[in-house]
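Undergrad: With the input below, show me the fold.
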Amino acid sequence: MTESVLTDLRDGVMTITMNRPESLNAFTRESFHAVGDAVAEATETARAVVITGNDRAFSSGADLQGSVQSEGLGLEAANAILRLIVDSKIPTIAAVSGPAAGIGCSLALACDYVVMSEESYLMLAFTKIGLMPDGGATALVAASAGRHRAMKMALTAQKVWGKEALEWGLASEVVAAGQQLSRAQELAALWAQGPPLAFARSTDAINKATLTTLDDAFAREAEGQGKLRKTKDFAEGVSAFMAKRSPDFTGE
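TA: Model prediction:
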């Protein structure tokens, strides 16, 4: 079987690649934990890390197969992985192509630097299946783009394409289609030769100044998502998604 997450360490740069192309790199609990394990390894062996998917997708979010019966990714464990990325003492770069949706959006925004393809987009699609954003998205998006843009993404589930994401402050730079990984690796190679202590202090100071509510967001999201997962609207939302039809939400 193909491994769901691949790693490659070269010249101080760890490249972590989501490798479930058949599902647009949708995350199962196991594959998301594999990303966490790879990041933990990178903090011990590398000087910079790049997280990427393939040219079709960064990640389409959580794999919805069985989501009604299960707790999905397991928010507590997933949040710990995102916190690991935010708190990393080495620079982290997301190289984004195609969709970075749901928890995939949170994963990208948890990184210190986001390189997006002009044909990629960020999306919080949770309300389409009767849920609320999680994975710290309520804090990560608002910290970068502001309250009203975060509300727009959460309530409309719109796709925020590369150039717009750059304008909103959600992306660090946008490159031509297919160039996101090479650009991210170029930056990572540069930073791998830089001052690690200064980088660690810089990212820590900026994250602590801008993401002061992240842990509170994790807690609010976990409470809200736990309740929403028990609703008929969530079951209907997933059923409609699988059947490729419009959901009939009733508020139950």
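
Undergrad: all helices for the chain, in order.
TA: Secondary structure of the chain (DSSP state H): helices located at 29-45, 75-86, 103-110, 137-145, 147-156, 162-168, 180-192, 196-210, 214-228, 232-243.

Undergrad: The fifth one packs against which elements?
TA: It stands for helix 147-156. helix 137-145 (3 or more C-beta pairs under 8 Å, 6 or more residues apart in numbering; DSSP states H and E). (C-beta placed from N, C-alpha, C; glycine too.)

Undergrad: Please look at Ser23 and Ala62 and confirm they touch.
TA: No: under the criterion of C-beta atoms under 8 Å, Ser23 is not in contact with Ala62, lying 10.4 Å apart.

Undergrad: the more surrounded of these two?
TA: Ala62 (24 against 18; other C-beta atoms under 10 Å).

Undergrad: mind checking pLDDT for that one?
TA: We have a pLDDT of 92 for Ala62.

Undergrad: what do you get for Ile206?
TA: For Ile206, the predicted pLDDT is 97.

Undergrad: burial of it, as a residue count?
TA: For Ile206, using other C-beta under 10 Å, the count is 11.

Undergrad: do the same with Gly226
TA: 11.

Undergrad: List the contacts of it.
TA: Gly226 is in contact with Leu75, counting by C-beta atoms under 8 Å, 6 or more residues apart in numbering.

Undergrad: Would you check how far apart it and Phe32 are?
TA: 18 Å (C-beta to C-beta, to the nearest Å).

Undergrad: sorry, back to before: distance to Tyr121 added to the helices of the chain, as CSV?
TA: Formatted as CSV, these follow (distance: least, C-beta to C-beta, whole Å):
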stretch, distance to Tyr121
helix 29-45, 20
helix 75-86, 20
helix 103-110, 9
helix 137-145, 13
helix 147-156, 11
helix 162-168, 7
helix 180-192, 13
helix 196-210, 23
helix 214-228, 22
helix 232-243, 18
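
Undergrad: The most centrally placed residue in the chain: what's it in contact with?
TA: Residue closest to the average C-alpha location in the chain (C-alpha atoms, centre = their mean): Leu107, at 2.1 Å. Shown in contact with Leu107 (C-beta under 8 Å, 6+ apart): Val35, Ile51, Phe58, Ser59, Leu82, Ile85, Ala94, Ala100, Gly135.

Undergrad: tell me which of these is nearest to Gly12?
TA: Ile51 (15.8 Å; C-beta to C-beta).

Undergrad: wait, isn't that closest one in contact with Thr92?
TA: Yes: with contact defined as C-beta under 8 Å, Ile51 reaches Thr92; the gap is 6.8 Å.

Undergrad: what touches both of those two?
TA: Val39, Ile85, Cys111.

Undergrad: What about the first one, how many residues nearby?
TA: Burial of Val39, expressed as a neighbour count using other C-beta under 10 Å, amounts to 25.

Undergrad: now do the second one
TA: Applying other C-beta under 10 Å, we find 23 other residues in the vicinity of Ile85.

Undergrad: Spit out the contact partners of the closest residue in space to it that isn't next to it in sequence.
TA: Excluding the flanking residues, the one nearest Ile85 by C-beta to C-beta, 6 or more residues apart in numbering is Ala110, at 4.4 Å. By C-beta under 8 Å, 6+ apart, the residues touching Ala110 are Leu82, Ile85, Val86, Thr92, Gly136, Leu140.

Undergrad: and the gap between Ala110 and Phe218?
TA: Per C-beta to C-beta, Ala110 is found 12 Å from Phe218.

Undergrad: which residues are in contact with both of these two?
TA: Joint contacts of Ala110 and Phe218 (C-beta under 8 Å, 6+ apart) are Gly136.

Undergrad: any idea which of the helices of the chain is most buried?
TA: The highest mean neighbour count among those, using mean count of other C-beta atoms under 10 Å, belongs to helix 103-110: a mean of 29.
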